[in-house]
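In: The amino acid sequence is not available; the structure is as follows:
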């Protein structure tokens, strides 16, 4: 087993594999030691995003002069909440199931649930795209004089995400 190497100011690594494993890898690990941290970090990212969108929707207002922007903003925000919540429910259920099994059976369960790890990744990415699309309309709804602010930042985020997706 590889020894952990850690120096102050650096991310913990092992000699053979970076830690934590990539959240959105195309081939999720069937190794228990890599799958559980992957699920936890993916759940944390999704929970952060869902929490922010919930707070944003809860304390948001509408723009009476831009009904299309209102529908687009709130519709995409709600889809972000739904997709992210489904991903969180699946990840939580898998983590609970893994931890309640005897250690000999945990690895077998992880191998059988590989497609669920991919589903969680797809749901997270879909909720991320939905959130960025909702942000295209955010300033129009909240700050009409600064309509261009969230539009430009979100368009930049979508373009960056597209470029990152090409690298995978």
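Out: Cool, the structure landed. Given the structure is predicted, the values throughout are model-derived calculations rather than measurements. Numbering: from 1, shown residues only.
In: how about the helices of this protein, start to end?
Out: 32-58, 67-100, 103-112, 114-135, 138-142, 147-167 (DSSP state H).
In: JSON lines for those helices, including mean pLDDT and mean neighbour count?
Out: Using the backbone N, CA and C atoms, a C-beta is placed for each residue, glycine as well. Converted to JSON lines, the helices of the chain look like this (pLDDT from 0 to 100; neighbours: other Cβ atoms under 10 Å):
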{"stretch": "helix 32-58", "mean pLDDT": "90", "mean neighbour count": "17"}
{"stretch": "helix 67-100", "mean pLDDT": "95", "mean neighbour count": "17"}
{"stretch": "helix 103-112", "mean pLDDT": "86", "mean neighbour count": "13"}
{"stretch": "helix 114-135", "mean pLDDT": "93", "mean neighbour count": "19"}
{"stretch": "helix 138-142", "mean pLDDT": "95", "mean neighbour count": "22"}
{"stretch": "helix 147-167", "mean pLDDT": "92", "mean neighbour count": "13"}
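In: okay, which residue of the chain is out on the far edge from center?
Out: If you look at how far each residue of the chain sits from its centre, by Cα atoms, centre = their mean, the farthest one is residue 65, at 32.7 Å.
In: Verify the contact between it and residue 147 for me.
Out: No. Using Cβ atoms under 8 Å, residue 65 is not in contact with residue 147, being 11.2 Å away.
In: List the contacts of residue 95.
Out: 36, 39-40, 43 (Cβ atoms under 8 Å, 6 or more residues apart in numbering).
In: Closest one to residue 116 out of these, please.
Out: Nearest to residue 116 among the contacts of residue 95 is residue 39, at 9.5 Å by Cβ to Cβ.
In: any idea what sits nearest the closest one, other than its immediate chain neighbours?
Out: Nearest non-adjacent residue to residue 39, counting by Cβ to Cβ, 6 or more residues apart in numbering: residue 91, 5.2 Å away.
In: And that neighbour, how far from residue 33?
Out: Separation of residue 91 from residue 33 (Cβ to Cβ, to the nearest Å): 17 Å.
In: try residue 133
Out: Residue 133 is 36 Å from residue 33, by Cβ to Cβ.
In: Residue 129 and residue 108, how far apart?
Out: Counting by Cβ to Cβ - residue 129 and residue 108 are separated by 34 Å.
In: can you check residue 140 too?
Out: With Cβ to Cβ as the criterion, residue 140 and residue 108 are 51 Å apart.
In: What of residue 156?
Out: 44 Å.
In: The residue nearest to residue 39: what's it in contact with?
Out: 39, 42-43, 46, 120.
In: Out of the residues you listed, which two sit at the greatest distance?
Out: 39 and 46 (10.4 Å).
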